[in-house]
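1. coords below, sequence missing:
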């Protein structure tokens, strides 16, 4: 897997990175403790399309999922 670059919307609390491997783009969202990875086939989108897909609306949904993940983790610790 190789690193393409960091996507707009990244900040100290949420890093958004784009990778490519095995004919797929990997969009990785990372907080200090958790991560979410979305795999998108090169057959379905180009790099520029993937960059456009990761907009503010999508990022807000990812943040909401992170909040749910932190809640779930807190329940088992």
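-> Looks like it came in fine. Predicted model only: the values in this text are computed from it and were never measured.
2. can we go C-alpha only for contacts and neighbour counts from here?
-> Will do.
3. centre of the chain versus the one helix or strand residue 67 maps to, how much separation?
-> Following DSSP states H and E, one finds residue 67 within helix 56-76. For helix 56-76, the separation from the chain centroid amounts to 12 Å (computed by C-alpha atoms, centre = their mean, to the nearest Å).
4. show me where the protein has strands.
-> Assigned by DSSP state E, the chain shows strands spanning 2-6, 15-21, 24-30, 35-41.
5. so who does the residue nearest to residue 19 when sequence neighbours are not counted touch?
-> Spatial nearest neighbour of residue 19, chain neighbours left out: residue 3 (4.5 Å); criterion: C-alpha to C-alpha, 6 or more residues apart in numbering. Counting by C-alpha atoms under 8 Å, 6 or more residues apart in numbering, residue 3 touches 17-20.
6. one more time with 7 Å, if that's ok
-> Residue 3 sits next to 18-20 when contact means C-alpha atoms under 7 Å, 6 or more residues apart in numbering.
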